[in-house]
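# What follows is a predicted protein model with its sequence.
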Amino acid sequence: MKVSCLQENLSAGLGDVGRAVASRTPLPITNNVLIATDNGRLKLSATNLELSITSWIGAKVEEEGVIAVPARLLTEFVSSLPSEQVEMSLPARSRSLNVKCARFEANISGADPEEFPPTPTISDGLEVEIASDVLQMAIQNVAFAAATEDSRPVLTGVQLELKGDTLLLAAADGFRLAVHEAKLGSAVPEDTSVIIPAKTLSEVSRIASGQEEPIKIMVNAGKTQVLFRLKDAEIVSQLIQGTFPNYGQLIPKDFATRAIIDVSEFARATRAASIFARDGSGIVRLQMTAGEGEDGVGTLSVSARSEEVGDDEGKIDATVEGEPAKIAFNSKYLSDVLNVLGQGMVALETSSPSSPGVLRPMSPAEGTTYVHVVMPMFVQW
């Protein structure tokens, strides 16, 4: 092998595949990244046997070759190099990769590439194409709500549903639920539903950042694997087997009180309250009061208190419909969804202090709907 490429491209490619490198594994070869020449480009691959990521970068290929080298060592070394041309060479029948850049040079001992697990391929099953920004928004709005503990594996995943010309993502961790629906460019040949690890979708969104080309999604016939084909990368993941909760039953159908609030002001008040909530079981209290007088502007009070630290209250304008209401949430869950919504106006719907609260953006992106349900905290008012 004899190739050369830009340091920033190699570093970015290693960063893309690095999240799939196994950290604790009985198979040492999966601690490596596979480097190979492929049709005039440099191909980087990593896998932990559940997730496989392949990235292609532009390179000048003088001699073909392939080698598996320690991923962490190579990544850290390349990231420390100056932004110049990196030259890599591997003599025939050698297992030592020579890396040169400017006045830096290293020899990295590699492993037999034949031992590296083959990258899974999907040649049959369902295939659909979706705009990159549409998929990234759906992932951003949903993946954070998935569980991080493995006590219920299906909750660590995101339900992907393809029906007609609609894509739906749903995630829940037992305390909150996020559901995002968007339009596909064309209808799928058949409806399907699978559970994708939330970590996989986060990697798809991260690697696709800034990509304008559509993303292709392929699910194999046995519904055991999913492939995401990006511009210069492919991500293949095992699917989670099991039955996802019937999330439709968890979304309240009506409400007693509805407050419409500016997201940025709501987020600011929540951040301030969360400082005091840290010593008060993470509880943030909300009180909604309809406006009086001609302007009709109501108030949303966001407060927190701790016996040891003190208390805090922030008041923001809100358009409130219905009766005055009180409800308390975990400050992290409330901050998470407000950070995702970013800006604009959001509707907060409640029925009682012991019923779930529902947040809906007032002006969702065209062709999309989003709903977020948060379970309440029980407090003494």
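Great, that's in hand.

# residue ranges of the strands in the stretch 201-350 of the chain, please?
All strands of the stretch 201-350 of the chain, identified by DSSP state E, counting those that start in this stretch, fall at 215-219, 225-229, 233-238, 257-262, 283-289, 298-306, 310-322, 325-330, 345-350.

# State the mean pLDDT of the fourth one.
When the per-residue pLDDT values of strand 257-262 are averaged, the result is 96.

# Just give the number of residues close to Ile122.
Other residues near Ile122 come to 18 when the count uses other C-beta atoms under 10 Å. For glycine as for every other residue, the C-beta is placed from the backbone atoms N, C-alpha and C.

# sec struct for it, please.
coil (DSSP: H, G, I helix; E, B strand; the rest coil).

# same deal with His372?
Going by three-state DSSP, the state assigned to His372 is strand.

# Report pLDDT for it.
98.

# Among the strands of the stretch 201-350 of the chain, which comes closest to Ile108?
Minimum separation from Ile108 across those (C-beta to C-beta) falls at strand 233-238, 23.2 Å.

# JSON lines for the strands of the stretch 201-350 of the chain, including mean neighbour count and distance to Leu6?
Below are the strands of the stretch 201-350 of the chain laid out as JSON lines (neighbours: other C-beta atoms under 10 Å; distance: least, C-beta to C-beta, whole Å):
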{"stretch": "strand 215-219", "mean neighbour count": "21", "distance to Leu6": "25"}
{"stretch": "strand 225-229", "mean neighbour count": "21", "distance to Leu6": "24"}
{"stretch": "strand 233-238", "mean neighbour count": "22", "distance to Leu6": "17"}
{"stretch": "strand 257-262", "mean neighbour count": "21", "distance to Leu6": "44"}
{"stretch": "strand 283-289", "mean neighbour count": "22", "distance to Leu6": "48"}
{"stretch": "strand 298-306", "mean neighbour count": "21", "distance to Leu6": "49"}
{"stretch": "strand 310-322", "mean neighbour count": "17", "distance to Leu6": "49"}
{"stretch": "strand 325-330", "mean neighbour count": "22", "distance to Leu6": "45"}
{"stretch": "strand 345-350", "mean neighbour count": "21", "distance to Leu6": "43"}
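
# Mind putting those strands into JSON lines with distance to Asp124?
Shown next, in JSON lines, are the strands of the stretch 201-350 of the chain (distance: least, C-beta to C-beta, whole Å):
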{"stretch": "strand 215-219", "distance to Asp124": "9"}
{"stretch": "strand 225-229", "distance to Asp124": "11"}
{"stretch": "strand 233-238", "distance to Asp124": "14"}
{"stretch": "strand 257-262", "distance to Asp124": "48"}
{"stretch": "strand 283-289", "distance to Asp124": "49"}
{"stretch": "strand 298-306", "distance to Asp124": "52"}
{"stretch": "strand 310-322", "distance to Asp124": "52"}
{"stretch": "strand 325-330", "distance to Asp124": "44"}
{"stretch": "strand 345-350", "distance to Asp124": "43"}
